[in-house]
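Chemist: Give me a model of this one.
(2 chains)
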Amino acid sequence: DTGVSQDPRHKITKRGQNVTFRCDPISEHNRLYWYRQTLGQGPEFLTYFQNEAQLEKSRLLSDRFSAERPKGSFSTLEIQRTEQGDSAMYLCASSLPGRGYTFGSGTRLTVV
Amino acid sequence: DQQVKQNSPSLSVQEGRISILNCDYTNSMFDYFLWYKKYPAEGPTFLISISSIKDKNEDGRFTVFLNKSAKHLSLHIVPSQPGDSAVYFCAASPFSGTYKYIFGTGTRLKVLA
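Modeler: Reported below is the predicted structural model:
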């Protein structure tokens, strides 16, 4: 069990550029979640996968955001045409049904 | 609309004493609650949980108390240790098998040696 792995740990990008983050969940976990955390706030739910199916997207996830989980393993979160308001920590978590999440260390995005 | 509230942004406690972190919620549909601990530059780690059918759950130095009528829960850490210094998040969900947790804004605990 190597835990939930997220890559990159930090990303600095210019406004208007596209960015993609990767999450590798714990191998036997079929549920995968993306959350976003801004300064002084708790994590906010973005989206959830069960296996390869994306079952819910938060209204926080605008049309510029897309998440995928091909083959029900790793997941990617892409942000197109980044804005300064997208600067945040993006957290990935995985779990088995009915069990608490295991979070990764997050990807800190800074849009300049 | 903050459904889970942690009204104390920070708390300082002497080593060996009790730390009490509080959390209030507004949604009566919540019936599963969790506490997560977060160190800088790391993701939150699960600490302890409680279902609404209980009013107390204990795990070593950590105890969570739930008062459903007051929509209030608290985390007690006894005795507090310097390594407990972290940000603590309260989270809630409508049922234990659900996928989506609603987190509070966190309380930064500092345990003084």
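
Chemist: Name the nearest residue to residue A:28, sequence neighbours excluded.
Modeler: residue A:96 (7.1 Å; CB to CB, 6 or more residues apart in numbering or on different chains). Every residue, glycine included, has its C-beta placed from N, CA and C.

Chemist: Also residue B:108?
Modeler: Nearest non-adjacent residue to residue B:108, counting by CB to CB, 6+ apart: residue B:10, 4.4 Å away.

Chemist: Tell me how far the one you found lies from chain A.
Modeler: Separation of residue B:10 from chain A (CB to the nearest CB, to the nearest Å) stands at 11 Å.

Chemist: Verify the contact between that residue and residue B:106 for me.
Modeler: No - using CB atoms under 8 Å, residue B:10 is not in contact with residue B:106, being 9.5 Å away.

Chemist: quick one, which of those two is more surrounded?
Modeler: residue B:106 (25 against 10; other CB atoms under 10 Å in any protein chain shown).

Chemist: My read is that the more buried one contacts residue B:87, right?
Modeler: Yes - assessed by CB under 8 Å, residue B:106 is found in contact with residue B:87 at 4.6 Å.

Chemist: and for the two, which residues touch both?
Modeler: Taking CB atoms under 8 Å, 6 or more residues apart in numbering or on different chains as the criterion, residue B:106 and residue B:87 both touch residue B:38.

Chemist: Next up, phi/psi of the residue nearest to residue B:108, please.
Modeler: When read as degrees, to the nearest 10, the backbone of residue B:10 gives phi -150, psi 160.

Chemist: Same check on residue A:71?
Modeler: Torsion angles at residue A:71 (phi, psi; degrees, to the nearest 10) stand at phi 60, psi 10.

Chemist: From chain B, how far out is it?
Modeler: Using CB to the nearest CB, residue A:71 is found at 20 Å from chain B.

Chemist: Up against chain A, what does chain B have?
Modeler: Proximity of chain B to chain A, by CB under 8 Å from any CB of the partner chain, involves residues B:4, B:6, B:9, B:34, B:36, B:41-46, B:49, B:89, B:91, B:96-97, B:99-106.

Chemist: If we use 6 Å, what do you get?
Modeler: Within chain B, the positions adjacent to chain A are B:34, B:42-44, B:46, B:89, B:96-97, B:99-100, B:103-106 by CB under 6 Å from any CB of the partner chain.

Chemist: For chain B, just list every one of the strands.
Modeler: B:4-5, B:10-14, B:19-25, B:32-38, B:45-51, B:56-59, B:62-67, B:72-77, B:86-93, B:102-103, B:107-112 (DSSP state E).
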